[in-house]
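Engineer: Have a look; sequence and predicted model below, questions after that.
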Amino acid sequence: MTLIDIKNVSLILKEKVILQNISCSFDKNEITTIIGPNGGGKTSLIKLILGIYKPSCGFVRKKKNLKIGYMPQRFQINPIVPMTVRRFLNDVNTLGPLKASYLADFDMTSLSGGEMQRVLLAYALQNKPDVLLLDEPTAGLDVSGEQSLYQFILDYQKNSQCCIILVSHDLHFVMKQTKRVLCLHKHICCSGLPETVSSNSYYQSLFGVQVPYIHHHNHSHERNDDE
Amino acid sequence: MNDFLINALWASIGIALLAGPLGCLMVFKRVACLGDTLSHGSVLGLSLGLLVGVHPMIALTAVTCVWVSFLWILNKNETVSTDAAMALLTQSSLAVSILFFYFVPFQETSLIEALVGNILTVGKEDIFLIYAMDFVFAVLLFFFWKKWILIAIHPDLAFAKHIQVPLLQILFLIMVGLFIAFSIQMMGALLVPAFLIIPAVAARLFSKTPEQMAFLASVIALCSALSGLGISYQFDIPTGPTMVCMTVLFYIFLSLFKQLLRIKQVCLFKNWKERKK
């Protein structure tokens, strides 16, 4: 079932071509990761789907009454706005699975980068969205925070069967965990399974051949507790 | 009590009540200077009304709407930042309005009066207009308050919630413009923006939610308006500046009070630590 259908979309902002002839569609129960260099139009594509930008040509078609949860890129809240996390979220239950319930009565301005990311994700999850748009959800997180957030997103997707569109720079995660990758550099350079994408020559010219390193485990680690 | 004093009293209550929430939304949206732009636009409207000979309220409303649309168009232009656009409109309207005043043959209102206000000129019909505005704006604020706050936090989040962001932004600009147009007679164009911003900033010191802040800002605005009116009547000094001075005094008093509380907390914490040892 197609939730979002993008056909021949181009986007021109400030007389600059941001996106050119993009066609893709997003279905229920799949995770799509958008990768690409800076200025490649990843965030613009997200904003097109949200309707913040109108396509210069082509069209973006969405299913009727589609509920979209959106997590923007990291941002600073204006410190003059007195806002607790509880008030911002309305419903603090979504904090629970993110292990962030303790944040409920914090002031929004007092949150650290990682805490802010979790609150924003909790905000996006409210009202059980059909589509989840996550714009660099792990920006500013440490390695373990990154891992647990990605794990949470994967688990959430499995349970809710929703459609997740994710912008990420973390190629390790992208190559290991997602089924569909979209490499965006003004146009869609390549898309498909991670293996297909990483063998694409255009992709290799953008990210190099060595990155990402896919670690195929063929042995087990024995933990030495004596050390 | 004198008739004009009672008029002034009612007018300042009506204006102070609205100054709280509007001022809060302005600082939330980081457009604290918007007040200056629109109030200078109001001076232009006033001078234009005198020059052409239409009722000042009609000229004020018309110029406010035109100014809001200019601001909107300039905002869309990517080479002009919002603060630069606001400064551009502020300065140009001041220059043009001074010229207009120069050409008005018979001056009912002087330029100085437009800039610093004159409470003596507030009449019954002005009070009626102020309370009509209060009612309409209160209804609008009731329905759109939460949406405006979300837009102030992050416009894209509001977009994702299917909120009509541009429409609400323009509505807000028009509301601030009309509020200023209705209150420059009393406070003067140079001082109305202060009356919007300073109570909001003072209220931030002791509020946990946006609603608390709006309420507190209204209370502070009301107290400063009433005390300013009393003092100016007692000592026979200009009313608008006295009211604004009172808001500043409130701000200083509240921030000192907060500082004291903080020092007390630190002392308690130190005592507690020493006792633990």
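Structural biologist: Noted; the coordinates are in hand.
Engineer: Taking the centroid of chain A, which residue is nearest it?
Structural biologist: A:L166 (2.2 Å; CA atoms, centre = their mean).
Engineer: Would you verify that that one is located in a strand?
Structural biologist: Yes - under DSSP: H, G, I helix; E, B strand; the rest coil, A:L166 sits within a strand.
Engineer: For it, which residues are in contact?
Structural biologist: A:I31, A:T32, A:T33, A:I34, A:L134, A:P137, A:I153, A:T178 (CB atoms under 8 Å, 6 or more residues apart in numbering or on different chains). Just so you know, the C-beta spots here come from the backbone N, C-alpha and C atoms, and that holds for glycine as well.
Engineer: As CSV, those residues with distance to chain B, secondary structure and pLDDT would be great.
Structural biologist: CSV is the format used below for these (distance: CB to the nearest CB, whole Å; DSSP: H, G, I helix; E, B strand; the rest coil; pLDDT from 0 to 100):
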residue, distance to chain B, secondary structure, pLDDT
A:I31, 19, strand, 87
A:T32, 18, strand, 88
A:T33, 20, strand, 88
A:I34, 17, strand, 88
A:L134, 12, strand, 90
A:P137, 15, coil, 85
A:I153, 17, helix, 87
A:T178, 22, coil, 76
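Engineer: Not counting residues beside it along the chain, what's closest to A:T196?
Structural biologist: A:C190 (7.3 Å; CB to CB, 6 or more residues apart in numbering or on different chains).
Engineer: In a helix, that neighbour, correct?
Structural biologist: No - judged by three-state DSSP, A:C190 forms no part of a helix; its state is strand.
Engineer: Quick one: neighbours of it, just the number.
Structural biologist: By the measure other CB atoms under 10 Å in any protein chain shown, the count of residues near A:C190 is 18.
Engineer: Please tell me the pLDDT value assigned to B:T37.
Structural biologist: We have a pLDDT of 90 for B:T37.
Engineer: Over to B:L254?
Structural biologist: For B:L254, pLDDT reads 94.
Engineer: got the contact list for it?
Structural biologist: Residues near B:L254 by CB under 8 Å, 6+ apart: B:A202, B:L205, B:F206, B:I220.
Engineer: can you redo the residues you listed as a markdown table with secondary structure and distance to B:N271?
Structural biologist: What follows is the contacts of B:L254, written out as a markdown table (DSSP: H, G, I helix; E, B strand; the rest coil; distance: CB to CB, whole Å):
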| residue | secondary structure | distance to B:N271 |
| --- | --- | --- |
| B:A202 | helix | 31 |
| B:L205 | coil | 25 |
| B:F206 | coil | 25 |
| B:I220 | helix | 33 |
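Engineer: Surely A:C57 is in contact with A:K7?
Structural biologist: No - A:C57 is beyond contact range of A:K7, at 10.1 Å (criterion: CB atoms under 8 Å).
Engineer: can you redo the contacts of B:L254 as TSV with neighbour count?
Structural biologist: Converted to TSV, the contacts of B:L254 look like this (neighbours: other CB atoms under 10 Å in any protein chain shown):
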residue	neighbour count
B:A202	26
B:L205	16
B:F206	16
B:I220	26
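Engineer: Give the closest residue to the closest residue to chain B within chain A in space, chain neighbours not counted.
Structural biologist: Residue of chain A nearest chain B, by CB to the nearest CB: A:Y70 (3.7 Å). Distances taken as CB to CB, 6+ apart place B:A160 nearest to A:Y70, at 3.7 Å, with adjacent residues excluded.
Engineer: got the contact list for the one you found?
Structural biologist: A:L50, A:I68, A:G69, A:Y70, A:L133.
Engineer: what about 6 Å?
Structural biologist: By CB atoms under 6 Å, 6 or more residues apart in numbering or on different chains, the contact list for B:A160 reads A:L50, A:I68, A:Y70.
Engineer: hang on, the earlier thing: have a look at A:C57 and A:K7 and say which one is more surrounded.
Structural biologist: A:K7 (14 against 10).
Engineer: so what's A:Y202 scoring on pLDDT?
Structural biologist: 69.
Engineer: Got the confidence number for the residue nearest to A:Y70?
Structural biologist: pLDDT, B:A160: 85.
Engineer: right, is the strand or helix carrying B:L88 up against chain A?
Structural biologist: Using DSSP states H and E, B:L88 maps to helix B:82-103. No - Helix B:82-103 stays clear of chain A (CB under 6 Å from any CB of the partner chain), getting no nearer than 13.9 Å.
Engineer: Let me know the average pLDDT across the helix or strand that that helix is followed by.
Structural biologist: Following helix B:82-103 in sequence order, the next helix or strand is helix B:111-116 (DSSP H and E). Mean pLDDT, helix B:111-116: 80.
Engineer: and B:K161, how many neighbours does it have?
Structural biologist: 17.
Engineer: Report the spatially nearest residue to it, omitting neighbours in sequence.
Structural biologist: Using CB to CB, 6+ apart, the closest residue to B:K161 is B:L150 (6.9 Å).
Engineer: What about the one you found, how many residues nearby?
Structural biologist: B:L150: 19 neighbours (other CB under 10 Å).
Engineer: Wasn't A:I18 part of a strand?
Structural biologist: Yes - applying three-state DSSP, one finds A:I18 inside a strand.
Engineer: Quick check, it in contact with A:G41.
Structural biologist: Yes - A:I18 lies in contact with A:G41 (CB atoms under 6 Å); the separation is 5.0 Å.
Engineer: With neighbour numbers in mind, choose between those two.
Structural biologist: Taking other CB under 10 Å, A:I18 and A:G41 do not tie; A:G41 has more neighbours (24 against 20).
Engineer: Now that one: phi and psi?
Structural biologist: For A:G41, the backbone dihedrals are phi 100, psi 20 (criterion: degrees, to the nearest 10).
Engineer: returning to that earlier point: could you flag which of the contacts of A:L166 are buried?
Structural biologist: Using 16 or more other CB atoms under 10 Å in any protein chain shown as the burial test, these include A:I31, A:T32, A:T33, A:I34, A:L134, A:P137, A:I153, A:T178 as buried.
Engineer: Show the contacting residues for the first one.
Structural biologist: To tie it back to what came earlier, the one meant is A:I31. Here A:I31 is in contact with A:Q157, A:I164, A:T178 (CB under 6 Å, 6+ apart).
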